[in-house]
Each structure stands twice: as structure tokens, then as C-alpha cells.
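A.B. asks: Pasting the sequence and the predicted model now:
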Amino acid sequence: MDLVTALALARTAEVPGPDTPPGAPVPDWPGPSRPLPEAGAGELDLRRLLRLSLAARDGTGRLRPAASAGGLHPVDGQLVVGPGCPLPPGRYGYDPLNHRVHTLGPAPGDTPPGATVELSVTPQRTLSHYGHRAWPLLLLDTGHAAAALRLAADALGTGPAAPRLDGRTAYPLATVHLPPPVPGHRTPGAPTARDLLDRRSDGPPLRGTPPRDVLRTLLTTAVGAGTDCLAWCAAVGGPRPELLAPAPDGTLRRFAAGEARPTLAAWAAGQGWLAEAGAVVLAYGCPAGADAPLIRRTHLRAGYAVGLLHVAARRHGLAARPVGSWQRADLGAALGAAPGRDWIVHGLALGTTHPQEGTP
């Protein structure tokens, strides 16, 4: 099934069928595996960088620094390694369960210093549970993996990561180039390694409206994450339920008045707890009939932005949970605009407290 048809079907109310086997959690990379060497002076620390971004932290492989729908983790990574790394130049397949690599072949002659992580997917892992709703989730998960690599580079203070999320290619879906360390480089407001390893998708319910200044910061971050193909807003409850959107001057403006969260709960595969969430940040766009490159671009960038927001929200003391499965979620039509133009692509539910855990 082509991607345009797959997205149109995923947006309908049709319910997926019974689960099927997900297959192997890691590609069957050829040849023996090898550990990631310790980085020397001036080298890119691939061992720590991948530990903070893609590596599994438990035997099942479900617990990782990057969020994934259903904990199924369909995203696979290949490393194209150039000079300035502890591994010899070459192409490697990464095994996130064992935190080891397999040599696949030589690197291209024009490989730049550092390493480029090529991200692709094994669809069956997500298809096994989500069926015809899988393809948007596969793309969002890839965006989350790209965000995890960017955040790990920020935390380690390497040179600035350069993600490619233009949607032009189906394989790889995305790449992230990680240069060797730049002396003295620091990303303002960078997360710590502990921030990344402690990232969780908090279980519902997520109650309590986040402070307005935090919502403003998160929405500003989303707009600045290279998501020009998307628009952003936040549905909030409280005594004056409304939709808030970022204004050009950096403030928040009322985008629409009224209670949107019960409708969002119905659109998000019937996840009723969203009706009581403190706030739901939404990325929307990707009109009906969009071609495959635009579908890939909007979903990859939405996943990337929500991956950044997830960590940022937790650093602000909020509980947070990405919400990726949306059906009949034509936000524009619901607000009186032309139908088929402004579909919800991704979301992040927020709350100030968690009933089982208290304040995060």
C-alpha cells in the first residue's frame, strides 16, 4: 500500500484487527558484533551518545530514551562513520539491545568527519499491534529517534547535530549528522544525561493545567524546531477552556474558545483520559491528498519537535505523554475552516501532577 493511501486509511474510524507477531526487535545484521570503543581526545563519543539516545535499558527493549508507540521501537539505525570517531571509518549496523555494532562495509569516499546515523524502520513491529494505523506512527517514531540523537549531542556538548527530516527519501527516512567535538561548544539550556535517561511517557491520568509561561515556552520551542510545514496550538481546561496558539511576538493568543479535550479524546483512538488532561499540545497540517514526501516531512518533523518538547516539559516539572494515533481529527473543519486542510498529526499531553506519583 502506498503512503498516501495508508495515511488516508489510518485517519478513518476503522478499528485494527487482532495482533500479529512483531518479529525480531533488531535487524539480523551480518557478521560478528563488536563493542563501541572508548573515545579518545577530540573524538566523537559514540558509546555515550548512543547510550543516551537509542540504546535499550532493559531486556525487553521497550525502555529507551526515545518514545515509541506501544513501546514497539520500529526504528533501526546504521552508522556511517568518518574520521574523528573511535570506530574506524565504515558503515555499521547498530544493535540497541546489546549496545554493539556490526561492520557492514566501507564508508563512502566523501564521508565527513564524525558520524551520520541513518534512520529507517521495520514496519512489522508497529503493524503487529496497530495494523492499518501504523504508518503515521512509524514516521513519528523516526522523528522521536532523531530528536533523541540531537538531545544526546546537546547533553554531551559535541558539535551541533544536523538532522535531515525533509521527507524526500523513503530509505533512509531521516539522517542525523554528529560532528566531532568542538572545543568550548555548549548548547544553551542543554539537558543533562540524567534528563535523557529518566525520560518516561507518563501514564494517565495527567491532570493540572501547566503554567501559561511554560506552555508559551513549549509552543515557541515547537515553532522553532524546523516545523514550518505545521501549525501548533494547545488545548487547555480550567475555568476558561480554550485553544492557545503562539503569536508572532512570542506571546500566546486565544485561537478558539471552548472545551476541546473531550473531542480530542474521541479522536485519539478513544483515549478517554485526554478529556481531563491539563493541556494537550497539538501539531496540525498535512492536508488530505498530500503527496508522500509531504506526509513524511510533516510527520518526521512533528515527531522530532514533540521529542524535544517531551524532555523540555519534564525539565519544567510536568508529566508528559506523546499521543500519536489520531482518527477523524480534522481540527480545521471542527473550528469552521475548510475541511481536509488541518489534520492533527501529533500531540503531547501534559499535566502538573500524577495521582500515583505526586508531582514529578
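C.D. replies: Received, thanks.
A.B. asks: Once you drop chain neighbours, what's closest to residue 1?
C.D. replies: Distance criterion Cβ to Cβ, 6 or more residues apart in numbering; nearest residue to residue 1, sequence neighbours excluded, is residue 9 at 7.7 Å. Quick note: C-beta positions are derived from backbone N, CA and C, even for glycine.
A.B. asks: To clarify, my last question referred to residue 223.
C.D. replies: Closest residue to residue 223 apart from its sequence neighbours, by Cβ to Cβ, 6+ apart: residue 246 at 5.5 Å.
A.B. asks: Could you do residue 23 as well?
C.D. replies: residue 124 (4.7 Å).
A.B. asks: State the number of residues packed around that neighbour.
C.D. replies: Neighbour count of residue 124, defined by other Cβ atoms under 10 Å: 15.
A.B. asks: Could you measure from it over to residue 325?
C.D. replies: Counting by Cβ to Cβ, to the nearest Å, the gap from residue 124 to residue 325 is 18 Å.
A.B. asks: sorry, back to before: the residue nearest to residue 1: what secondary structure?
C.D. replies: Assigned state for residue 9: helix (three-state reduction, DSSP: H, G, I helix; E, B strand; the rest coil).
A.B. asks: That one: neighbouring residues, count only.
C.D. replies: Considering only other Cβ under 10 Å, residue 9 is surrounded by 14 other residues.
A.B. asks: Might one say that it is in contact with residue 134?
C.D. replies: No: using Cβ atoms under 8 Å, residue 9 is not in contact with residue 134, being 10.2 Å away.
A.B. asks: so what's the backbone phi/psi at residue 196?
C.D. replies: phi -80, psi -40 (degrees, to the nearest 10).
A.B. asks: ok, now which ones touch it?
C.D. replies: Residues in contact with residue 196, defined by Cβ atoms under 8 Å, 6 or more residues apart in numbering, are 52-53, 65, 148, 151-152, 155, 311.
A.B. asks: same thing but at 6 Å, please
C.D. replies: 52, 65, 151, 155 (Cβ atoms under 6 Å, 6 or more residues apart in numbering).
A.B. asks: what separates it from residue 291, distance-wise?
C.D. replies: 35 Å.
A.B. asks: Relative to residue 240, how far out is residue 79?
C.D. replies: 50 Å.
A.B. asks: Let me know the next secondary structure element after the helix or strand hosting residue 148.
C.D. replies: Counting by DSSP states H and E, the element that carries residue 148 is helix 134-156. Downstream of helix 134-156, the next assigned helix or strand under DSSP H and E is strand 162-164.
A.B. asks: packing partners for that following strand?
C.D. replies: Strand 162-164 sits against strand 174-178, with contacts defined as 3 or more Cβ pairs under 6 Å, 6 or more residues apart in numbering; DSSP states H and E.
A.B. asks: switch to 10 Å and redo it
C.D. replies: Judged by 3 or more Cβ pairs under 10 Å, 6 or more residues apart in numbering; DSSP states H and E, strand 162-164 is in contact with strand 115-121, helix 134-156, strand 174-178, helix 292-315.
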